[in-house]
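Asker: I need the structure of the sequence given here:
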Amino acid sequence: MSKKLLISYLSYVNDKNEDRRSKIFDESFDSLKKLFVKEKNSAFFLSVDNNSNKKTIEKINQSSIFDYKLHLKENFIDVSLLYYTAKLAYERGIEYIFYTYDDFIFYDFEFVEDCVDFLESNREVHSIRMPIFDVDNINVYNSEITPKSINPDAIRHFNYFADRNSEDRRLKLEGPLKFGIHEFYKANWHYTSRPTFWRTEYFYKVFKEMKNINVMQNFEADAGKYFYKNKMNSSLINLGVCRTFKQSERMTQGGGSYFKTVSFEKKYLKEYFDKTLIEVQKDENNCNNTK
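Answerer: Take a look at the predicted model:
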């Protein structure tokens, strides 16, 4: 693969949530390490941590899989993953990004090259939704038919930002388009912060004019409006590469009503990035030294 890819991973396990989160993190992180073994020669790996406890940080540091680390002393919610992934990849000239979280577990470990080939051959598409989705069992993944309490990977099957009476509102899939061992479908979906494979240049654009960056659903709304306005096209990988758990830290902490009140000044996030980013030096024995 001639194009560069940055795979970023957000972790958040502290003393307050460890009882409900540590087992999920362990399963997720173990699956990420398998992905690393498959893709270590074609991707850079970034660890983004939202002020986790010492035990969690030690597990991450002992793994020796990451090329970059942003281990934060504050919790920047999902913005730490989204903005910092886009910023690092853009500044380092990395053409593609794939961000994921510590409550998603991988079951497919050989998707990177097929995703890049698909995006290289379909320049009008900006991103690929990566969580589990089965076109042949589509209602199982439609949250209006199968609620998230039954299937946490269920999602809305319409473009939230299109006018209610518009043809753009209804979910439309174009495919399958076969690349390697995977099938892809072009789609008119709205933006989502769930694990997504992006062209760096497209995802970075949404942050350029922001002075303050909202989190969670408010950021999804800001990004969704931007991408819909600019007619940016999404897609999905059929059968997906990862799945999530029923436990939702977002809902446990108060859901949309709480996160609507949270935002971060981009200037502050930039300054934090510059003083916190660690680039890992790896010797021939795969031992880590940092600078």
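Asker: every contact and neighbour count from this point should use C-alpha atoms.
Answerer: Fine.
Asker: any buried residues in stretch 231-249, and which?
Answerer: Neighbour-count burial for stretch 231-249, counted by 16 or more other C-alpha atoms under 10 Å, picks out 232-244.
Asker: what of stretch 100-107?
Answerer: By neighbour count on 16+ other C-alpha under 10 Å, the buried set for stretch 100-107 is 100-106.
Asker: what would the residues you listed look like in TSV with pLDDT, distance to V215 and secondary structure?
Answerer: Shown next, in TSV, are the buried residues of stretch 100-107 (pLDDT from 0 to 100; distance: C-alpha to C-alpha, whole Å; DSSP: H, G, I helix; E, B strand; the rest coil):
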residue	pLDDT	distance to V215	secondary structure
T100	98	16	strand
Y101	97	15	strand
D102	96	17	coil
D103	95	18	coil
F104	97	19	strand
I105	97	23	strand
F106	98	25	strand
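Asker: closest to R123 out of these?
Answerer: Nearest to R123 out of the buried residues of stretch 100-107 is T100 (C-alpha to C-alpha; 23.1 Å).
Asker: which ones are touching the closest one?
Answerer: Residues near T100 by C-alpha atoms under 8 Å, 6 or more residues apart in numbering: 7-10, 194-196.
Asker: where is the longest helix in this protein?
Answerer: As assigned by DSSP state H, the longest helix anywhere in the chain is helix 18-39.
Asker: which strands and helices sit next to it?
Answerer: Under the contact definition 3 or more C-alpha pairs under 8 Å, 6 or more residues apart in numbering; DSSP states H and E, helix 18-39 sits against strand 104-106.
Asker: what lines up beside the strand it packs on in the sheet?
Answerer: strand 242-244 (antiparallel) (DSSP bridges).
Asker: now, which of the contacts of T100 sits nearest E18?
Answerer: Among the contacts of T100, and counting by C-alpha to C-alpha, the member closest to E18 is L10, at 15.4 Å.
Asker: what about that closest one, how many residues nearby?
Answerer: By the measure other C-alpha atoms under 10 Å, the count of residues near L10 is 21.
Asker: test my guess that it contacts S52.
Answerer: No: under the criterion of C-alpha atoms under 8 Å, L10 makes no contact with S52, lying 10.4 Å away.
Asker: the stretch 51-200 of the chain: helices as residue ranges?
Answerer: With DSSP state H, counting those that start in this stretch as the criterion, the stretch 51-200 of the chain has helices at 54-63, 79-91, 112-121, 200-208.
Asker: give me the contact list for the shortest one.
Answerer: Where contact means C-alpha under 8 Å, 6+ apart, the residues beyond helix 200-208 that reach it are 83, 86-87, 89-90, 94-97, 126, 213, 223, 226-227.
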